[in-house]
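**Student:** Here you go, sequence then predicted model.
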2 protein chains.
Amino acid sequence: MFIVENIKEIREVIKKEKKDGKTIGFVPTMGYLHEGHLSLIRKAKAENDFVVVSVFVNPTQFGVGEDYETYPREIEKDSELAKSAGADRVFHPAVEEMYPATYQTDVEVKKITQKLCGSSRPGHFKGVTTVVCKLFHIVNPDRAYFGQKDAQQVTVIQQMVRDLHMDLEVIPCPIVRETDGLALSSRNTYLNEEERKAGLILSKSLFLAEDLIKNGERDAMKIKNLIRENITKEPLANIDYIEVVNANNLAQLHELQDEVLIAIAVKIGKTRLIDNIRIKVL
Amino acid sequence: MFIVENIKEIREVIKKEKKDGKTIGFVPTMGYLHEGHLSLIRKAKAENDFVVVSVFVNPTQFGVGEDYETYPREIEKDSELAKSAGADRVFHPAVEEMYPATYQTDVEVKKITQKLCGSSRPGHFKGVTTVVCKLFHIVNPDRAYFGQKDAQQVTVIQQMVRDLHMDLEVIPCPIVRETDGLALSSRNTYLNEEERKAGLILSKSLFLAEDLIKNGERDAMKIKNLIRENITKEPLANIDYIEVVNANNLAQLHELQDEVLIAIAVKIGKTRLIDNIRIKVL
């Protein structure tokens, strides 16, 4: 079966491949796959012999009042898409097997989870690191692929892997955008036509900031202000945060240097969108 | 080299063994090895092709005012003892490599760590699960061996392994005792002659409780009272806790049934000793 629904079975499939000397690429997702996910799967397939895509809407990374119940689910279509992009198996476990009633263990990265999305979504990253740690133990991949759209998530997972000495490589992959600039996200489906247009303000503002930096600006405050002024012009937009940080440890920057991450979170109507750019400042 | 001091090297040694189809047995210790540890190493060697013993006094499992600084260390002698019992390598990492300055990740088992030793040693089990999770990732064993003397520790690690889907077997091993009954512990070295004698009150009280149960007593309170009365007679002893619990989930029992754990912690002078018995009640 292409869709594997329990832990024992996926483990057996993977152990067989490993025994034959095959390398395992892993793409953990919450499903409702879009071109961003598919780019991860294609890269995983190009770099590994056997690719597992997990589709699991992880309850522990949603806060109270967030969209766990309504998060879009479409496993049959996801499965076809994953297959077409090169996946060898889709792992689609039940919540009850991932979190049985006796479940009581957390994996938590501390400092860098307090910033950016961490401050507006308390507990979110603890849910992410816990489920990713569990999935890594189940799938035992050589390489795991994550989209750079969730920039903080990538940094947090890299920190966990390093701190816990997990024997695998975390591979960040570029953001995939619509032709008009909107970063792909399963949550874009929540936007109506008007909101969809308003959502462009995120990438537009980031690209303006990028131009400013290319023209020599190094003052983080000025860059933040430019972004803030732009987003504020959009009546449907409500800023959650605008941050200019070191891309590796997420420390706030006053003056831009080295690898810079500009990350923003903006509510468009009821939908919270995030976007970011990474810039190497010489 | 028999003693391996860095992560990269022990990983390479183990990967080579695994590639040759060998199974790996692992005995994590804080060193100052005694007959209890050696019994674990012998069992590991009997059940696996290749045995790794780690010797690491883990700072994160000691609380403020506990004995991290003074915990006895004797790596050369430990290494000889481990070898004589069948170990193939001793892994003895530096604190700086296990916990670099940027370290910020915890693995925490929640509910069952609040009871027994958890309530008098806050943070202790978080330190234990974190370091054991790290060591499991480094050593990647098929089986890991733990002494039943630290009964709660075994239960907590089993819970972590189950919750995080770690692909290995945790094997609890019986308590090893001196001929007079004292459970072996590296901390017994702290006792002077008088305290050493007073320390016998732990095992003596547990054996009395065992007799009581064998004679039909099923009331947890009566059993606790018997133990309490006995220990109180010993002037050097100060009770930390006396618990009668379900051995699998550490839930308090009023009436004894199934797998029962009677666990006690007692200070003898400045030294905190623990001991326990497991009894199957029909």
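**Tutor:** The structure has been received and is ready for your questions. All of these numbers come straight from a predicted model, not from anything done at the bench. Numbering: from 1, shown residues only, chains lettered A, B, ... in the order given.

**Student:** Please name the bridge partners of the residue in the stretch 1-150 of chain A positioned nearest to chain B.
**Tutor:** For the stretch 1-150 of chain A and chain B, the shortest gap (CB to the nearest CB) falls at A:Thr105, measuring 3.6 Å. C-beta: built from backbone N, CA, C; applies to glycine. Counting by DSSP bridges, A:Thr105 is bridged to B:Val109.

**Student:** What are the neighbouring residues in contact with it?
**Tutor:** A:Thr105 is in contact with A:130, B:107-110, B:129, B:159-160, B:163-164, counting by CB atoms under 8 Å, 6 or more residues apart in numbering or on different chains.

**Student:** cool, and A:Cys117?
**Tutor:** Residues in contact with A:Cys117 (CB under 8 Å, 6+ apart) are A:124-125, A:152, A:241, A:265, A:274.

**Student:** which bits of chain A sit near chain B?
**Tutor:** With CB under 8 Å from any CB of the partner chain as the criterion, chain A meets chain B at residues A:7, A:11, A:102-112, A:129, A:133-134, A:137-138, A:140, A:159-160, A:162-167, A:249.

**Student:** Isn't A:Arg143 up against A:Gly25?
**Tutor:** Yes: counting by CB atoms under 8 Å, A:Arg143 touches A:Gly25, with 5.2 Å between them.

**Student:** Between the two, point out the one with more neighbours.
**Tutor:** Remark: of A:Arg143 and A:Gly25, A:Gly25 carries more neighbours, 28 against 18, as counted by other CB atoms under 10 Å in any protein chain shown.

**Student:** sec struct for the more buried one, please.
**Tutor:** strand (DSSP: H, G, I helix; E, B strand; the rest coil).

**Student:** Next up, the contacts around the residue nearest the centre of chain A.
**Tutor:** Nearest to the geometric centre of chain A sits A:Asp150, at 3.5 Å (CA atoms, centre = their mean). Counting by CB under 8 Å, 6+ apart, A:Asp150 makes contact with A:Ile274.

**Student:** In terms of secondary structure, what does the helix or strand hosting A:Ile239 contact?
**Tutor:** Assessed by DSSP states H and E, A:Ile239 sits inside strand A:237-246. If you count contacts as 3 or more CB pairs under 8 Å, 6 or more residues apart in numbering or on different chains; DSSP states H and E, strand A:237-246 packs onto helix A:116-120, helix A:220-232, strand A:258-268.

**Student:** mind running it again at 6 Å?
**Tutor:** Contact analysis of strand A:237-246 by 3 or more CB pairs under 6 Å, 6 or more residues apart in numbering or on different chains; DSSP states H and E lists helix A:220-232, strand A:258-268 as its packing neighbours.

**Student:** What pairs with the last one, parallel or antiparallel?
**Tutor:** Strand A:258-268 pairs in its sheet with strand A:237-246 (antiparallel), strand A:271-281 (antiparallel), by DSSP bridges.

**Student:** and the gap between A:Leu236 and A:Leu191?
**Tutor:** Per CB to CB, to the nearest Å, A:Leu236 is found 10 Å from A:Leu191.

**Student:** Who has more neighbours out of these two?
**Tutor:** Each of A:Leu236 and A:Leu191 has its neighbours counted (other CB under 10 Å); A:Leu191 has more, 20 against 17.

**Student:** so A:Lys83, which of the three states?
**Tutor:** Look at A:Lys83: counting by three-state DSSP, its state is helix.

**Student:** Same check on the one 4 residues further on?
**Tutor:** Of the three states, A:Ala87 takes coil according to three-state DSSP.

**Student:** tell me the angle the strand holding A:Ile239 makes with helix A:220-232.
**Tutor:** 160 degrees (axes from the mean of the first three to the mean of the last three CA atoms, to 10 degrees).

**Student:** returning to what we had before: inside strands: which ones of the contacts of A:Thr105?
**Tutor:** Under the assignment DSSP state E, the contacts of A:Thr105 contribute B:107-109 to strands.

**Student:** hang on, the earlier thing: now the strands paired with strand A:258-268 in a markdown table, please, with extra columns for mean pLDDT.
**Tutor:** Formatted as a markdown table, these follow (pLDDT from 0 to 100):
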| stretch | mean pLDDT |
| --- | --- |
| strand A:237-246 | 98 |
| strand A:271-281 | 97 |
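
**Student:** Tabulate those strands in TSV, adding columns for distance to A:Glu74 and mean neighbour count.
**Tutor:** Supplementary listing: those in TSV, determined by distance: least, CB to CB, whole Å; neighbours: other CB atoms under 10 Å in any protein chain shown:
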stretch	distance to A:Glu74	mean neighbour count
strand A:237-246	27	19
strand A:271-281	18	19
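
**Student:** a markdown table for the ones you listed, including distance to B:Arg42?
**Tutor:** A markdown table is the format used below for these (distance: least, CB to CB, whole Å):
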| stretch | distance to B:Arg42 |
| --- | --- |
| strand A:237-246 | 50 |
| strand A:271-281 | 54 |
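
**Student:** what residues does the strand holding A:Ile239 touch?
**Tutor:** Contacts with strand A:237-246, where a contact means CB atoms under 6 Å, 6 or more residues apart in numbering or on different chains, come from A:116, A:120, A:201, A:220, A:223-224, A:227-228, A:231, A:252-253, A:261-268.

**Student:** returning to that earlier point: just the ones in strands among the contacts of A:Thr105 now: which is nearest A:Thr179?
**Tutor:** Closest approach to A:Thr179 among those (CB to CB): B:Val107, at 43.5 Å.

**Student:** wouldn't the closest one be in contact with B:Cys133 here?
**Tutor:** Yes: when contacts are counted by CB atoms under 6 Å, B:Val107 is listed as touching B:Cys133 (4.4 Å).

**Student:** Quickly list what's touching both of the two.
**Tutor:** With CB under 6 Å, 6+ apart, B:Val107 and B:Cys133 have no common neighbours.

**Student:** What residues sit buried inside the helix or strand bottoming out on mean pLDDT in chain A?
**Tutor:** Least confident helix or strand of chain A, by mean pLDDT, DSSP states H and E, is helix A:116-120 with a mean of 92. Across helix A:116-120, burial judged by 16 or more other CB atoms under 10 Å in any protein chain shown covers A:116-118.
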